[in-house]
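Undergrad: Sequence and predicted structure below; questions after.
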Amino acid sequence: MPKTPVKYNKDEIWNLLSEVKDPEIPVLSILELGIAREVTIENDKVVVQITPTYSGCPAMNAIENEIEKVLRVNGIQDFEVNKDFSETWTTDWMTDKAKQKLKEYGIAPPGKTDTDDDFLNSLKSSSKIIPCPYCDSTNTELQSEFGSTACKAQYYCHDCDEPFEHFKCI
């Protein structure tokens, strides 16, 4: 006897995707990061479009696997997860809630990247003052352009004597 397909709508799929966390920053979902870009349902097939934070991001395979897992666990068997490179991911796609969660997690959140000039300037982290996520001091110093991942830089706060990472504007 053939299986009856599970019926679902876009809102239910978005809700399921909100459970998928970034493996490198587990306090953030792929929705809060702006990685999950689009959900379509075509002939009972769910299609999820995701945009990598950058083309070589090692977390994307883990994110795809987690999307597949959450869909399967919820009875959705006919789906496709597509990486979409038509737009370049930007930290501007992160929600304000995500930026607050980053700060509470001990990572200085990115600012806005409104223009190309701002984008180019944001790559020069050493010239920017990055407030400490622990004590809000601006008496901080860049230690390394790269932290635990390529999208973060390593800083040190001279007031609270804590090292911290800054999620770089992209």
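TA: Structure's in. What do you need?
Undergrad: how about the closest residue to Pro131 other than its chain neighbours, what does it touch?
TA: Nearest in space to Pro131, with sequence neighbours left out and distances taken as Cβ to Cβ, 6 or more residues apart in numbering, is Thr138 at 5.4 Å. C-betas here are computed from N, CA, C, even on glycine. Counting by Cβ atoms under 8 Å, 6 or more residues apart in numbering, Thr138 touches 129-132.
Undergrad: Which strand or helix spans Thr138?
TA: Using DSSP states H and E, Thr138 falls within no helix or strand.
Undergrad: So it versus Asp84, what's the distance?
TA: 37 Å (Cβ to Cβ, to the nearest Å).
Undergrad: And for the residue lying closest to Leu17 once chain neighbours are set aside, the neighbour number?
TA: Leaving out its chain neighbours, the residue that sits closest to Leu17 by Cβ to Cβ, 6+ apart is Ala36, at 4.9 Å. Other residues near Ala36 number 23, with proximity taken as other Cβ atoms under 10 Å.
Undergrad: Give me the three-state assignment for Lys69.
TA: helix (DSSP: H, G, I helix; E, B strand; the rest coil).
Undergrad: Thanks again, I'm all set now.
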